[in-house]
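[1] here are the coordinates; sequence isn't available:
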C-alpha cells in the first residue's frame, strides 16, 4: 500500500507545498550557522464547540512524506527564479533530506486539547521546513476522524457508509475522509480509489439520474437489479418515496421468484423517521423482511442520534457532506511550536496562544474498570506510576519504524480506546471536559520561563 | 502551466476517484444498451447563510480532467478484484474516453443560486461517470473564491495574502485555496507550490519558532534582516507586541544606517485595532513611516471589515484558516442533475431537492449604469433581448476549447463583474437576494413534467 500524498503533479513536487517563510527562515538559519537540534510539538489548543476529545489520524502520511522529502531540480529552479534565495542556500537545499526523530500518539487513539499528538526532533532547518505539511495532514484527518467518531457513537451500532467524496474539499480530502472515517468505525466508503489504496470495503446505490433516465421508475429498478442481482439498493425518492417503495417491493417480489433477494432501498430526502416506518411496512407486507433501508442526504451525528433513539427502522446511514467537511468544526487551532532549541526549553507567550516548553510525554490513567480517568502531560523523561505513555517513537533518523500499523489495527485501537471513554465526554452537545493535568516539572518550567521573559 | 489535479498517487489513478455507483450505473447502462446523449446540469440550490452570490472557479481543472480521463490497467485490475463488475463492462471501460461537450460560466464570473454553472452533454455513461470529480472540484473552488471575495470586499482596497495552506483540508485544497483566492482579488499566497504552478506572487514573514530559537528577540530580528534586507517582515508578538515593536524599530533604524528599509512588522495575536495604532506610533516616531503593518491570526471578513472601517492602520491582512476552509460555509448543496436524456427533458421532484429540466442558458441584464439588474434562466436555444449569455461552450467532443483563459484574466473578469454588483448583495450579514427569474418556457416545461409524474 502506497501513501496518498500528492495534490500536485505527483509527489515529486510536494517539497514545495509549504509556506514561503519555512524556506526563508531556513536560509537565515543556514547563513547564521544555526543547525542545533530543535523539537517541535504539534497540538490543538482549544476544543471546537461541542468537542471534548480528538481522534489521532494522519501520522502515516506524515511519515511517508518525511521519508521522501526532497526538492528535485525543477523545484530548485523555480526557487531560483523567484530571486528570493541565495545560490548557496539553494545548493544546500538541493541535497537536503529529513534526518530527524518523530514521536506520535498512534492513529486511532484518543487525544485531548494541549496534548502533543506528534513531536519532531531534528536539525532546526529540517524540523522547521516540514511544519506546513504536517499540520495540513494531521489537522484535517484528526478533525474528520473525530467527526466520524461522533457519528459512530450516535449510530449505536448501526452501519455507517462514507458518501462524502463529492463535497470534500478537493481530491486529497476525499481520500482522507474515507480513511479517517474508516479508522473511527465507518464500515464502507463510496470512494472507489479509497477502496483500492486503503482496502476499505466499497458501498454504493444508484443516483436519481439513473431513475430519471428511465421511464417509468420501475423500469429503472428492473434494469438495475438485472445488472446487479446480488447487490442492488434502489433509490426510491426521485418522484415520491411511498410510490417508489411500492415499485421497489414489486421488483423485490419479482427477484424472489428468481431466487434473488433485494438488498436494500435508499431514502434521500423528506422526513426520514416517518418515511422509514412507512417503507418498512410496505417491504414487510411484501415479505421483504431482509431488504434493508438506507438513509442519506445531509445527515449529521445529531440527525443520526435522533433517528436511532427514536427507533426509526433505518439499517444503514450514508453520511456525506457534514462528516466529510467536519461541518460544525471545519478547522482547529492546531499548531506546531518550537519547544526546545539547542538543549534549551523554549515557548511563546502570545496572547491566547501560549505553548508549553520542553519535549513531552502524555500518560493516561485508568480507573478500576479500565476506563480513562485523566491524562498527565509530562516532560519526556518523566514517569507516571500506573500511567500508560501515549507518545511512541515512530521515526528514527529519518526512517519510519516499520512495519507501520495496518488501517484495521488503527480501527481496532480506536474501538478499544473509545469503549473506555465515558459517555459524558461523548455527548453531542455540551460534553464534559476530560481532565488533562500538567506534571509539576512542566508547570515549573513554564513559570520559570515566563518570569525570565517578563523579567 | 499544468493543472494541479491529483490527490492520489498521480493523475493516472484519478479515474477511480469516483463514487462506486457511477461505475455500477455505467455497467447497467451498458448492459441495457442505453447510450443515448444525456445532459447534466451543475448548480447550487440554496445559498449558505449570508451568501447572495457565488464566484465561478474550478472549470479548468474539470476540463483537464475530462481530457485526460481514462482507467489504466492497474485501475481495471482493481475493479476486477472487487467482483462487482462483469468482464465485458471492464473491457469496455478500459478503452473509454470522455467525448462530450461542456458549457460553463467562466471562472471569475459571478453566478447565483439555481443557475447552471456548468452543463455536460455526452453519451450517458460518459456524462454520468465524471459527476463525482466535477462536483468535488467546482464546489470547493467556488465556495473558497466566494469566501475570498467577501474578504476582498471587506478590505476596501487593502492588500490580502493567502496564508491558509496549513489549515486547508489536505493538499489539493491548499492549492485550490491559493488559486481561488487569487481569482477573487487576493494579491499573494504563502504557498510556494501555488507560486510555481499558478504563477501567483509569493509572500511570507517569519514564524514564532524563529524568534524563540534566538535569545533575546532582537537577535532574531537582526539575523533575519541580514538574510533578507529587502524583504523582511518581523513577527513582533512572540512575547509582547509593544516590546517587539520597539525592537523592530531599533532594527529598522540600524537598517537605515545601511541604506536599507524594514519592509514590515506582523501582528499575530491580541487586539489588532489597539495594537496596530500603538505599533504605528512606535514606527512613525522612529521615522519608519514606510514600514508596513501586517495582521494575521484567525481573521475573517467580518474582522477585516471592522478593522478597516474603524481606521486601524493595517496595510496587509494575512488571511488563513477561515478563508481556506470557507469556515462559515464549508459546504454547499451543489448538485449535478440529469436534465435531458435521449432528447427528453427530465428532472426530479424529491422533497426540497427538485431540479429544472432541459439544457439551459443564463442571461444577465444590466441597468443604465451597467450594473447587474437580474438574471434569467432559459432553455439553451432561447434568446433574451439585451441580455448577456453567461454559459459558454468550453469543450467540444472531449477537447477543451483552447487557449484556456489565464489566471490573471479570470482575476480581471472577477474584478469587472464584482464592480457591477450592488453593495446590497455583498453585505456580510443579511445580504439582499439577487433576482433570478425563469423564462416562461422553463416554467412551462417544469409544470408539464410535474403533472405527468404526479398525474
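    That came in fine, so what should we check first? Computed from a prediction, not measured in an experiment: that's the story for all the values here.

[2] What is the three-state secondary structure of residue A:102?
    For residue A:102, the assignment made with DSSP: H, G, I helix; E, B strand; the rest coil gives strand.

[3] what's across from it in the sheet?
    residue A:120, residue A:395 (DSSP bridges).

[4] So what's the residue count around residue A:219?
    Using other Cβ atoms under 10 Å in any protein chain shown, residue A:219 has 15 other residues around it. Backbone N, C-alpha and C define where each C-beta goes, glycine included.

[5] Let's verify it: helix, strand, or coil?
    Under three-state DSSP, residue A:219 falls in the helix class.

[6] now it: how far from chain B?
    Noted for residue A:219: a distance of 9 Å to chain B, by Cβ to the nearest Cβ, to the nearest Å.

[7] Contacts made by stretch A:91-103 with the rest, please.
    Here stretch A:91-103 makes contact (Cβ atoms under 8 Å, 6 or more residues apart in numbering or on different chains) with A:23, A:26, A:30, A:62-63, A:66-67, A:69-71, A:73, A:76, A:79, A:85, A:116, A:118-123, A:125-127, A:129-130, A:380, A:391-398.

[8] Please identify the buried residues of that stretch?
    A:93, A:96, A:98, A:100-103 (16 or more other Cβ atoms under 10 Å in any protein chain shown).

[9] cool, and stretch A:60-77?
    A:60-67, A:69, A:71, A:75-76.

[10] any weak-confidence spans in chain A?
    The model of chain A has pLDDT under 70 over residues A:1-11, A:350-353, A:455.

[11] Could you chop it up by domain?
    A:11-144+A:332-454, A:145-324 (automatic domain parsing).

[12] what's the closest non-adjacent residue to residue A:182?
    For residue A:182, ignoring the flanking residues on the chain, the nearest one in space by Cβ to Cβ, 6 or more residues apart in numbering or on different chains is residue A:200 at 4.9 Å.

[13] re earlier: intersect the buried residues of stretch A:60-77 with the contacts of chain B.
    residue A:75 (Cβ under 8 Å from any Cβ of the partner chain).

[14] what's the burial count for the residue nearest to residue A:182?
    23.

[15] does it sit in a helix, a strand or a coil?
    coil.

[16] contacting residues for it?
    Per Cβ under 8 Å, 6+ apart, neighbours of residue A:200: A:178-179, A:182, A:188-189, A:191, A:194, A:407.

[17] With residue A:289 instead?
    Residue A:289 neighbours (Cβ under 8 Å, 6+ apart): residue A:283.

[18] From residue B:66, how far off is it?
    44 Å (Cβ to Cβ, to the nearest Å).

[19] Report the spatially nearest residue to residue A:278, omitting neighbours in sequence.
    In space, and not counting its chain neighbours, residue A:278 is closest to residue A:242: 6.0 Å by Cβ to Cβ, 6+ apart.

[20] What residues sit buried inside the helix or strand hosting that neighbour?
    Following DSSP states H and E, the helix or strand that holds residue A:242 is helix A:241-257. Buried positions in helix A:241-257, judged by neighbour count with 16+ other Cβ under 10 Å: A:241, A:243-249, A:251-252, A:254-255.

[21] Same list (these) but as JSON lines, adding distance to chain B.
    Output for the buried residues of helix A:241-257, formatted as JSON lines (distance: Cβ to the nearest Cβ, whole Å):
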{"residue": "A:241", "distance to chain B": "8"}
{"residue": "A:243", "distance to chain B": "10"}
{"residue": "A:244", "distance to chain B": "10"}
{"residue": "A:245", "distance to chain B": "14"}
{"residue": "A:246", "distance to chain B": "15"}
{"residue": "A:247", "distance to chain B": "13"}
{"residue": "A:248", "distance to chain B": "15"}
{"residue": "A:249", "distance to chain B": "19"}
{"residue": "A:251", "distance to chain B": "14"}
{"residue": "A:252", "distance to chain B": "17"}
{"residue": "A:254", "distance to chain B": "16"}
{"residue": "A:255", "distance to chain B": "15"}
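
[22] coming back round to it: contacting residues around the residue nearest to residue A:278?
    Taking Cβ under 8 Å, 6+ apart as the criterion, residue A:242 is in contact with A:275, A:278-279, A:282.

[23] biggest separation within these, which pair?
    Spatial extent of these (Cβ to Cβ) is set by the pair A:275 and A:282 at 10.3 Å.

[24] Just the closest residue of the stretch 301-450 of chain A to chain B, please.
    Per Cβ to the nearest Cβ, residue A:338 is where the stretch 301-450 of chain A lies closest to chain B, at 3.5 Å.

[25] Surely that residue touches residue A:37?
    No - the pair residue A:338 / residue A:37 is not scored as a contact, 11.3 Å apart, by Cβ atoms under 8 Å.

[26] Which of the two has more residues huddled nearby?
    The neighbour count for residue A:338 versus residue A:37, taken as other Cβ under 10 Å, is higher for residue A:338 (26 against 16).

[27] so what's the more buried one bridging to?
    residue A:40.

[28] What's the separation between it and residue B:238?
    Look at residue A:338 and residue B:238: by Cβ to Cβ, they are 10 Å apart.

[29] list residues touching both of those two?
    What both residue A:338 and residue B:238 touch, as defined by Cβ under 8 Å, 6+ apart, is the set B:208, B:212.

[30] tell me the centre residue of chain A?
    residue A:141 (2.7 Å; Cα atoms, centre = their mean).

[31] Surely that residue and residue A:58 touch.
    Yes - here residue A:141 reaches residue A:58: they are 3.4 Å apart, a contact under Cβ under 8 Å.

[32] between these two, what contacts are shared?
    Joint contacts of residue A:141 and residue A:58 (Cβ under 8 Å, 6+ apart) are A:176, A:180.

[33] Got phi/psi on residue A:206?
    Torsion angles at residue A:206 (phi, psi; degrees, to the nearest 10) stand at phi -150, psi 160.

[34] can I assume residue A:446 sits in a helix?
    Yes - looking at residue A:446 with three-state DSSP, it is inside a helix.

[35] what residues are up against it?
    Residue A:446 touches A:347, A:356-357, A:438, counting by Cβ under 8 Å, 6+ apart.

[36] hang on, the earlier thing: downstream of the helix holding residue A:242, the next helix or strand is which one?
    Next along from helix A:241-257, by DSSP H and E: strand A:264-267.

[37] Mind listing residues that contact the helix or strand just after that next one?
    Counting by DSSP H and E, the element after strand A:264-267 in chain order, helix or strand, is helix A:272-285. By Cβ under 8 Å, 6+ apart, the residues outside helix A:272-285 that reach it are A:236, A:241-242, A:245-246, A:248-249, A:252, A:265, A:267, A:289, A:291, A:293, A:295, A:303, A:306-307, A:310, A:312-314.
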